[in-house]
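Participant: attaching a predicted model along with its sequence, questions to come.
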Amino acid sequence: MNTQWQKLCDSADWFDPFFLEIIKNNLREEPFLHRKQWEFAMIFRVLHEAGMLNGNSTGIAFGAGKERLIYSVMEKVKKLIATDLYNVNSKWIGTKTNNPKDYLLNRAPFAVDPDRLDAKYMDMREISFPDNSFDFAYSSCVFEHISSDDAGFVEHLNEVKRTLKEGGLYVMTTEYIYDSQTAAIPGSYFFALPHLLDIVKQSGLHLAPVFDARLVEISANEPAPLPSDFSFHFGSKWIPHITCIRQNLTFTSCLLALTKDSSKKPQPPKIIGYDNSMKFVKRTLDRNLNGLWKKWQNVSETRGVSDKPSIVGHENFEVDIKRTNKHLVFHSPYLKFGGGSTLEVKIVLIPDCNEMIEIKLISCEKHEGNHLIIEQTISLNNQSKLGELVKLSCNLKPNRIYAVLGRGKGTFKAINIQMRKK
């Protein structure tokens with residue numbers, strides 16, 4: 001196995017002919033610059049290059065949901081066990097079933113052999129199989145969700161080591177934050193590299209000899225906000241989703257290749273490119289935020305769901321979509337503005353009826369609770385064709401994120417939110 005496939009998500013990977021071949025022929029997708037497609041293609045590639053996709057192997061997938069990778073891998077093995085918290089009452093959209101095998105087979109994106117697949121409800125920290133059961137295992141960005149402390153992550157890795165055969169391989173992707181400290185958000189960790197490698201060390205699994213933290217310094221790898229934060233929902237196919245700005249985090253995906261080898265003591269990997277990539281991301285993040293917010297930007301009025309930031313980057317987690325039950329009329333995403341002196345907000349509301357609405361401008365730091373900056377109660381008149389214009393402003397703090405929300409009753413013909421910094 002090429003040890004440098006243990007690495008960060010890099011847009012340059014899409015220019016590798018074999019990587020593109022996997023996307024087109026095995027995943028059966030058109031290539032687009034999105035870190036989730038990278039995760040699937042890289043997991044498949046590492047398993048292939050390690051000789052695990054040989055038609056005779058048995059593997060297990062953790063947190064598999066209904067992911068496309070299930071079907072691409074099962075074509076190449078004797079048996080794949082897809083596991084997740086499958087339950088009809090699950091809050092994860094892709095796991096709402098009590099009959100996971102039929103659920104997955106009925107959603108296959110292309111023809112597959114049903115005898116090659118099994119599916120089970122399973123907690124990743126309690127793998128209900130005997131020792132030495134599997135040739136390989138994989139998971140795609142689920143590791144970060146399974147625990148609120150290191151002990152839970154190590155517990156999972158210990159179970160993987162127990163159930164892998166000697167020489168078996170675990171390929172996993174997880175969230176990688178461009179920061180020196182892990183963001184330990186409840187339900188979703190964003191790992192700093194030293195912390196992630198230390199967790200693996202505690203399990204006794206062997207990392208591949210090299211971790212490649214290099215990034216090609218091109219615009220496709222620069223930090224970018226999610227297009228849907230600006231109501232440009234189709235933009236995810238056009239705008240690279242490699243290095244992401246979400247709330248107060250700048251992150252990407254990384255891949256680890258872990259083996260079970262009882263004959264020797266695990267060694268730390270050689271890390272290449274780490275400092276240069278951190279500098280590149282910080283430099284372009286500051287530049288891009290300053291450029292973005294110099295002019296008024298239209299901001300989505302439906303991205304937020306509560307008075308505190310939700311799980312970052314996981315729209316497949318089911319939230320309370322009955323917004324009117326809480327009288328939540330609009331809620332912008334929590335946005336990062338970087339340096340600057342003043343945040344300005346303009347909101348245009350065109351109601352269907354005469355109503356009162358309470359508008360709040362709030363800020364947050366590191367998901368540790370909100371700070372109310374401004375609160376206004378506005379009387380709305382449905383006779384106004386141009387609507388009601390509300391203006392808000394506050395002093396910006398570089399390490400905080402900001403959102404605006406409105407609570408009231410009734411419906412609206414139009415809601416428009418714009419923001420900029422001065």
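Facilitator: Now that the structure is in, tell me what you want to look at.

Participant: quick check: mean pLDDT across the strand ranked longest in the chain?
Facilitator: The residue-count maximum for a strand in the chain (DSSP state E) belongs to strand 164-177. Averaged over strand 164-177, pLDDT sits at 98.

Participant: and residue 185, what are its bridge partners?
Facilitator: Beta-bridge partners for residue 185, by DSSP bridges, are residue 188.

Participant: next, the closest residue to residue 78 other than its chain neighbours: secondary structure please.
Facilitator: Leaving aside its chain neighbours, residue 78 sits nearest to residue 56 (5.2 Å; criterion: CB to CB, 6 or more residues apart in numbering). For every residue, glycine as well, the C-beta is placed using N, CA and C. Using DSSP: H, G, I helix; E, B strand; the rest coil, the secondary structure recorded for residue 56 is coil.

Participant: circling back to that earlier point, mind listing what's buried in the longest strand of the chain?
Facilitator: Buried residues in strand 164-177, counted by 16 or more other CB atoms under 10 Å: 164, 168, 169, 170, 171, 172, 173, 174, 175, 176, 177.

Participant: repeat that for stretch 41-50.
Facilitator: For stretch 41-50, using 16+ other CB under 10 Å, the buried residues are 41, 42, 43, 44, 45, 46, 47, 48, 50.

Participant: ok, so of those, who is nearest residue 243?
Facilitator: Nearest to residue 243 among the buried residues of stretch 41-50: residue 42, at 16.0 Å, using CB to CB.

Participant: neighbours of the residue nearest to the closest one when sequence neighbours are not counted, just the number please.
Facilitator: Ranked by CB to CB, 6+ apart and with sequence neighbours excluded, the top spatial neighbour of residue 42 is residue 255, at 5.1 Å. The tally of other residues near residue 255 (other CB atoms under 10 Å) stands at 25.

Participant: ok, longest helix in this structure?
Facilitator: helix 274-292 (DSSP state H).

Participant: following element in sequence after that one, please.
Facilitator: Next in sequence after helix 274-292, counting helices and strands by DSSP states H and E, comes strand 297-299.

Participant: report the buried residues of that following strand.
Facilitator: For strand 297-299, by 16+ other CB under 10 Å, it's 297, 299.

Participant: gap between it and the chain center?
Facilitator: In terms of CA atoms, centre = their mean, to the nearest Å, the centre of strand 297-299 is set 23 Å apart from its chain centre.

Participant: please name every helix or strand in contact with that strand.
Facilitator: Here strand 297-299 touches strand 412-421, going by 3 or more CB pairs under 8 Å, 6 or more residues apart in numbering; DSSP states H and E.

Participant: dump the strand it packs on to CSV, restricted to CA.
Facilitator: Extracted as CSV, the C-alpha positions of strand 412-421 are listed here (Å, rounded to 0.1, in the frame of the first residue of the first chain):
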residue,chain,number,x,y,z
PHE,A,412,-44.5,36.2,4.9
LYS,A,413,-44.5,36.8,1.2
ALA,A,414,-40.8,37.6,1.3
ILE,A,415,-37.9,37.7,3.8
ASN,A,416,-34.5,39.1,2.8
ILE,A,417,-31.4,39.3,5.0
GLN,A,418,-28.2,41.0,4.0
MET,A,419,-25.0,41.4,6.0
ARG,A,420,-21.6,43.1,5.6
LYS,A,421,-18.8,44.4,7.8
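
Participant: mean confidence for it?
Facilitator: Mean per-residue pLDDT for strand 412-421: 92.

Participant: that strand versus helix 274-292: what angle between them?
Facilitator: Taking axes from the mean of the first three to the mean of the last three CA atoms, to 10 degrees, one finds strand 412-421 and helix 274-292 inclined to each other by 120 degrees.

Participant: who are the contact partners of residue 5?
Facilitator: 42, 45, 46, 49, 208, 212, 255, 257 (CB atoms under 8 Å, 6 or more residues apart in numbering).

Participant: among those residues, name the ones in strands.
Facilitator: Using DSSP E, the subset of the contacts of residue 5 located in strands is 212, 255, 257.

Participant: out of these, which is nearest to residue 189?
Facilitator: Of all these, residue 255 has the smallest distance to residue 189: 16.2 Å, by CB to CB.
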